[in-house]
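> Dropping a prediction and its sequence here:
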Amino acid sequence: MSSLPGQPGGPPTKKILIVDDSGMMRNLVKQILAVDPEVDVIGEADNGQTCIIKAKELKPDVILLDIEMPVMNGLEAMKRLKLVSRAKVVILSSVAQVGSPAAAEAKALGAVAVIPKPSGAVSLDLKAKRGHEIVRIVRQAVGLPPPDFQRMAEMIRLRQEMGY
């Protein structure tokens, strides 16, 4: 049997940095991404300034970035990230609704995708309403094939059985 992604001898995982000022939202996004054994959340930040520091230090493949945050917002962080990181940026924000000025600016700054939070800054329904979309877009951003959620569920079950 071949090794599972992210396990010793297995294919490398893609590294994800989650940036949102809400700890609850960061945890929800981690739960959503946990179904995919080919991605690994390597860090979190609660504002744009910390995002830049973590991006330099951790070298993520993808940064999931909120826009409205204290200290430094996500759009300002995107401008500065270009100087220190090659990570793809996916915006996940309540102010980045389709067609909004914030979404347009994020795309102009190089965001590979903009995902609106379904019900405001703290969207407790994020997993139900946008979970599959988040996994699909993160995988697409790093060049992985579209997700096979049935296969992912089987791999999670196998990992649990093997004690990983």
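Looks like it came in fine. Residues are numbered from 1 along each chain as shown.

> Could you point out the helix or strand that follows the longest helix anywhere in the chain?
The residue-count maximum for a helix in the chain (DSSP state H) belongs to helix 126-141. The first helix or strand that comes after helix 126-141 along the chain, using DSSP states H and E, is helix 149-162.

> what angle do that following helix and helix 126-141 make?
In terms of direction (axes from the mean of the first three to the mean of the last three CA atoms, to 10 degrees), helix 149-162 departs from helix 126-141 by 100 degrees.

> any idea of the mean pLDDT in helix 149-162?
Taken as a whole, helix 149-162 has a mean pLDDT of 73.

> Tell me where the model's unsure across the protein.
Along the chain, the model assigns pLDDT under 70 to residues 1-11, 118-129, 153, 156, 164.

> Can you give the distance of the one helix or strand I16 maps to from its chain's centre?
Here I16, judged by DSSP H and E, is contained in strand 14-19. Remark: strand 14-19 is offset 5 Å from the chain centroid, using CA atoms, centre = their mean, to the nearest Å.

> Mind giving me the packing neighbours of the longest helix of the chain?
Counting contacts by 3 or more CB pairs under 8 Å, 6 or more residues apart in numbering; DSSP states H and E, helix 126-141 packs against strand 14-19, helix 23-33, strand 39-45, strand 62-65, strand 88-93, strand 113-116. For glycine as for every other residue, the C-beta is placed from the backbone atoms N, C-alpha and C.

> how about it: buried residues?
L126, R130, G131, I134, V135, R136, I137, V138, R139, Q140, A141 (16 or more other CB atoms under 10 Å).

> Quick check: the second one vs R151, distance?
Yep, that's R130 we're talking about. According to CB to CB, to the nearest Å, R130 and R151 sit 21 Å apart.

> cool, the last one as well?
Here the criterion is CB to CB. By it, A141 lies 20 Å from R151.

> Also the third one?
Computed as CB to CB, the G131 to R151 distance reads 16 Å.

> Now do the same contact list for I134.
V29, I32, L33, L64, V90, L92, I115, L126 (CB atoms under 8 Å, 6 or more residues apart in numbering).
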